[in-house]
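>>> No sequence on hand, only this structure:
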């Protein structure tokens with residue numbers, strides 16, 4: 001039976017409509033922001049990568065106006081500007097620089113979690129940021145990186161070689177190669193081998209000046225010292241019965257490769273890490289001495305963020321690189 005337009009049935013319909021409207025508003029208020037925040041983070045990363053709102057719109061199939069509104073809403077929710085906008089350029093603010101790696105990490109974890117929930121392993125994809133000491137990176141990590149990229153064509157690698165300890169979170173690195181004892185932290189470390197501090201000289205130098213038999217003998221030898229690695233001229237020796245010798249370097253330099261080249265030329269002895277002279281020793285251009293007096297070996301680690309879910313690109317590289325580094329006799 002039809003209900004009159006101004007009757008009870010019509011009032012009930014209007015009431016039901018109001019309930020639905022407020023129900024939708026409630027749902028949008030408490031549920032959509034979580035979904036929208038993830039989309040906003042993805043939008044933010046697209047703008048950051050392309051340094052363009054228009055480019056992000058094309059990548060996401062959205063209008064520039066939508067991209068602009070999304071970024072504005074994200075900035076309002078965070079309480080900080082993420083981009084510096086001019087008529088010609090779009091670049092990250094300091095807050096944006098800090099926010100970008102966290103977005104990469106969080107979205108990577110979400111993608112990995114969804115892949116695990118679906119019962120399959122996500123294919124490695126995206127940009128992987130890796131840092132390592134300069135000589136280690138050039139000799140051992142760079143060849144692994146190129147082989148890895150050949151096997152995983154959807155992964156790009158940014159390799160940054162620095163002779164200092166980086167702050168992985170602040171500087172946005174996914175993986176770092178570190179040598180030595182790991183301090184307690186939230187980072188996870190995979191041990192891939194060990195290296196030693198060694199004294200080395202060329203066969204010509206040792207024939208002319210003699211082979212040092214004890215650390216004390218170093219006081220009468222020419223020394224080229226690497227100041228970046230050993231700022232002190234006090235060299236420590238021994239595993240249990242430790243001793244310290246003050247050497248008198250004739251030459252000091254801040255670069256391992258230069259010190260090694262000077263030693264290989266036959267002019268002096270130097271002290272570096274064993275991996276740094278692995279090639280020269282294998283080729284007979286350098287010879288290690290005082291091996292019985294060496295300190296305990298230093299462990300080599302591949303370090304990554306200590307999250308429960310690790311992005312597939314990070315997992316893949318850790319597995320890939322650790323197998324190759326462990327198989328290298330230089331790190332045995």
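Okay, I see it. Here the structure is a predicted model, which means the values were calculated and not measured. Numbering: from 1, shown residues only.
>>> Going by residue numbers, what spans are helices in the stretch 151-300 of the chain?
If you assign secondary structure with DSSP state H, counting those that start in this stretch, the helices in the stretch 151-300 of the chain sit at 168-171, 203-209, 256-264, 278-282.
>>> Let me see the ranges of the strands in the stretch 201-332 of the chain.
For the stretch 201-332 of the chain, applying DSSP state E, counting those that start in this stretch gives strands covering 223-226, 234-237, 243-246, 251-253, 269-273, 287-289, 298-304.
>>> of all the helices of the stretch 151-300 of the chain, which lies closest to residue 315?
Of all the helices of the stretch 151-300 of the chain, helix 168-171 sits nearest to residue 315, with 16.2 Å by CB to CB. C-beta here means a position set from N, CA and C on the backbone, and glycine is covered the same way.
>>> pLDDT averaged over that closest one, what's the number?
The predicted model gives helix 168-171 an average pLDDT of 80.
>>> next one: stretch 321-332
On average, the pLDDT along stretch 321-332 is 94.
>>> do the same with stretch 305-314
Average pLDDT, stretch 305-314: 73.
>>> Now the terminal residues of that stretch, how far apart.
Length of stretch 305-314, first residue to last, CA to CA, to the nearest Å: 9 Å.
>>> about what we covered before: now, of the strands of the stretch 201-332 of the chain, which is deepest in the fold?
Mean neighbours per residue, mean count of other CB atoms under 10 Å, is largest over the strands of the stretch 201-332 of the chain for strand 269-273, with a mean of 25.
>>> The closest residue to residue 263 other than its chain neighbours: what's it in contact with?
Spatial nearest neighbour of residue 263, chain neighbours left out: residue 270 (4.2 Å); criterion: CB to CB, 6 or more residues apart in numbering. Contact partners of residue 270, counting by CB atoms under 8 Å, 6 or more residues apart in numbering, are 199, 200, 201, 223, 224, 225, 226, 259, 260, 262, 263.
>>> Closest to residue 98 out of those?
residue 226 (33.8 Å).
>>> where in the stretch 1-150 of the chain is pLDDT low?
Along the stretch 1-150 of the chain, the parts satisfying pLDDT under 70 run over 1-35, 115-122.
>>> quick one, helices of it?
Listed in chain order, the helices found in the stretch 1-150 of the chain under DSSP H, counting those that start in this stretch are 8-30, 32-50, 53-60, 64-78, 94-117, 134-136, 142-151.
>>> Format those as a markdown table; extra columns: mean neighbour count and distance to residue 162.
Output for the helices of the stretch 1-150 of the chain, formatted as a markdown table (neighbours: other CB atoms under 10 Å; distance: least, CB to CB, whole Å):
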| stretch | mean neighbour count | distance to residue 162 |
| --- | --- | --- |
| helix 8-30 | 10 | 45 |
| helix 32-50 | 17 | 23 |
| helix 53-60 | 18 | 30 |
| helix 64-78 | 16 | 30 |
| helix 94-117 | 16 | 17 |
| helix 134-136 | 19 | 7 |
| helix 142-151 | 15 | 14 |
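>>> As a markdown table, those helices with distance to residue 88 would be great.
Output for the helices of the stretch 1-150 of the chain, formatted as a markdown table (distance: least, CB to CB, whole Å):
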| stretch | distance to residue 88 |
| --- | --- |
| helix 8-30 | 37 |
| helix 32-50 | 14 |
| helix 53-60 | 12 |
| helix 64-78 | 15 |
| helix 94-117 | 18 |
| helix 134-136 | 36 |
| helix 142-151 | 33 |
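>>> which stretch among those comes nearest residue 303?
Closest among these, once you apply CB to CB, is helix 134-136, at 13.4 Å.
>>> Show me the shaky parts of the stretch 151-300 of the chain.
Along the stretch 151-300 of the chain, the parts satisfying pLDDT under 70 run over 184-186, 228-232.
>>> Please tell me how far residue 319 sits from residue 189.
Per CB to CB, to the nearest Å, residue 319 is found 15 Å from residue 189.
>>> neighbour count winner among these two?
More crowded of residue 319 and residue 189, by other CB atoms under 10 Å: residue 189, with 16 against 11.
>>> show me what contacts the more buried one?
Residue 189 neighbours (CB under 8 Å, 6+ apart): 178, 182, 301, 302, 303.
>>> Looking at the residues you listed, which one is closest to residue 124?
Nearest to residue 124 among the contacts of residue 189, with distances taken as CB to CB, is residue 302, at 15.5 Å.
>>> so that closest one sits right up against residue 324, yeah?
No - with contact defined as CB atoms under 8 Å, residue 302 does not reach residue 324; the gap is 11.0 Å.
>>> end-to-end on stretch 261-280?
Chord length of stretch 261-280, first to last residue, is 9 Å (CA to CA).
>>> buried residues in that stretch?
261-264, 266-278, 280 (16 or more other CB atoms under 10 Å).
>>> Just name the most buried of the helices of the stretch 151-300 of the chain.
Ranked by mean neighbour count, the helices of the stretch 151-300 of the chain are led by helix 256-264 with a mean of 20 (mean count of other CB under 10 Å).
>>> All set, thanks.
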